[in-house]
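Participant: after the sequence you'll find the predicted model.
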Amino acid sequence: MSEPLFFTAKTIKPKDRSQIVSIRTGIKELDKKIIGLNKQEVSCVSGLRGSAKSTWLSQIALEVVHDGYRVALFSGELAENRVLEWLQLQAAGKNHTHSTKYENYFYVDNDDKAKINSWLDQKLFVYNNRYGAKSSDLLKSIEDCIVNKKVDLVILDNLMSIDLDATSYNKNEKQTSFIQSVVKFSREHDVHIVLVAHPRKAIGFLRMDDIAGTADLTNAVDNVFIIHRVNNDFKRLTKQMFLWKPDNEIYDYDNVIEICKNRDLGYQDELIGMYYEKESKRFSCVSDNQKIYGWEYDGITADESVSLPYDPFSL
């Protein structure tokens with residue numbers, strides 16, 4: 001190699017922050033902290049069952065498209081039509097959804113669905129689970145999608161749904177190998193990868209060490225986020241752990257994103273509140289989310305309806 005074995009202060013090249021491509025999450029207070037999800041990095045997302053991990057990630061997929069990027073999504077627990085239904089609700093927003101006799105069931109009319117699908121076409125790619133979830137085959141399929149479709153962000157939801165060809169004797173070894181492959185993959189293909197990992201059963205307030213599997217997972221990745229639902233257990237456990245008062249403002253929110261690790265800027269132990277809009281499955285830092293996605297732009301074609309990539313320093 002032409003590079004030195006050890007660098008000196010004069011031979012280390014400075015890194016221009018403006019050259020780092022950061023893909024925003026759309027949660028403004030989170031993006032203010034971490035700028036965004038940097039290309040060539042990997043994030044781990046965890047949370048208890050029902051904390052809305054998949055819902056939050058589908059909204060990130062919309063933000064990716066809205067900002068002019070492309071996204072590939074593997075959902076091992078949801079069929080592709082269900083994934084699309086969630087995306088359509090979130091893209092539509094409360095003003096374009098319709099209620100039913102069922103309290104938590106809302107729908108988007110066919111005309112709006114067609115517009116949303118046209119906007120998402122060739123920008124969002126959902127993996128066909130009928131081709132199996134063997135890890136090597138899955139990564140090869142994603143690689144082909146990145147090369148052929150110019151994908152910028154990959155969501156793998158979730159680790160437990162991916163076939164690592166592991167036994168009870170080599171499970172940790174297989175997980176470590178896969179995680180290392182994912183980290184290397186993100187660097188080589190200039191993408192950001194989000195990997196969902198379920199937690200093991202936790203006795204107290206969910207912490208990073210409670211994420212199931214090998215410790216190499218949280219050590220190897222660049223970001224670790226935990227999604228919490230602000231329910232009675234959350235209130236009880238946070239009062240015990242943090243000695244919060246009952247009127248703490250975080251209890252006014254529906255869900256919380258916890259930044260457990262952020263290698264780039266060093267943030268950790270940050271809790272960011274989010275409101276949840278049941279009519280659209282949207283999350284936002286404000287209680288009335290009126291965001292308009294690209295499919296609604298009048299007089300602009302589907303291919304032109306995305307905004308330019310954002311300037312992280314304007315936040």
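Facilitator: Ah, there it is. Numbers count the residues shown, from 1 in each chain.
Participant: any idea of the mean pLDDT for the one helix or strand Gln180 maps to?
Facilitator: Per DSSP states H and E, Gln180 falls inside helix 171-189. Averaged over helix 171-189, pLDDT sits at 93.
Participant: show me where this protein has strands.
Facilitator: When assigned using DSSP state E, the strands of the chain occupy the ranges 22-23, 37-38, 42-47, 71-75, 97-99, 106-108, 124-126, 153-157, 192-196, 223-229, 255-262, 270-277, 282-284.
Participant: let me have those strands in TSV, adding distance to Ser186, mean neighbour count and mean pLDDT as columns.
Facilitator: In short, each C-beta sits where N, CA and C put it, glycine included. Shown next, in TSV, are these (distance: least, C-beta to C-beta, whole Å; neighbours: other C-beta atoms under 10 Å; pLDDT from 0 to 100):
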stretch	distance to Ser186	mean neighbour count	mean pLDDT
strand 22-23	12	23	96
strand 37-38	10	24	97
strand 42-47	5	26	97
strand 71-75	12	25	97
strand 97-99	35	15	94
strand 106-108	33	18	95
strand 124-126	17	21	98
strand 153-157	8	25	97
strand 192-196	5	25	97
strand 223-229	12	23	97
strand 255-262	16	21	97
strand 270-277	23	18	96
strand 282-284	25	22	95
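Participant: mind checking which of the ones you listed is nearest Lys15?
Facilitator: The closest of those to Lys15 is strand 37-38. By C-beta to C-beta, the value is 11.4 Å.
Participant: which residues are in contact with the closest one?
Facilitator: Contacts to strand 37-38, defined as C-beta atoms under 8 Å, 6 or more residues apart in numbering, come from residues 20-25, 43, 60, 153, 192, 194, 222-223, 264.
Participant: name every strand pairing with that strand and say which way it goes.
Facilitator: Partners of strand 37-38 in the sheet, by DSSP bridges, are strand 22-23 (antiparallel).
Participant: so how far is the partner strand off the chain centroid?
Facilitator: Put simply, strand 22-23 sits 12 Å off its chain's centre (C-alpha atoms, centre = their mean, to the nearest Å).
Participant: one step back: tilt between the helix holding Gln180 and strand 42-47?
Facilitator: Relative orientation of helix 171-189 versus strand 42-47 (axes from the mean of the first three to the mean of the last three C-alpha atoms, to 10 degrees): 130 degrees.
Participant: the inter-axis angle of helix 171-189 versus strand 153-157?
Facilitator: Going by the same axes, to 10 degrees, helix 171-189 makes 160 degrees with strand 153-157.
Participant: returning to what we had before: report the two of the contacts of strand 37-38 separated the most.
Facilitator: Largest pairwise distance in the contacts of strand 37-38, by C-beta to C-beta, is 18.2 Å, between Ile20 and Ile60.
Participant: got a list of what Cys145 touches?
Facilitator: 72, 125, 151 are the contacts of Cys145 under C-beta under 8 Å, 6+ apart.
Participant: for the residue nearest in space to the middle of the chain, give me the pLDDT.
Facilitator: Nearest residue to the geometric centre of the chain (C-alpha atoms, centre = their mean): Leu57, 3.9 Å. Looking at Leu57, its pLDDT is 96.
Participant: OK, contacts around it?
Facilitator: Taking C-beta under 8 Å, 6+ apart, we find Leu57 in contact with 45, 73, 155, 157, 194, 196.
Participant: also Ser75?
Facilitator: 54, 83, 126-127, 129, 155, 157.
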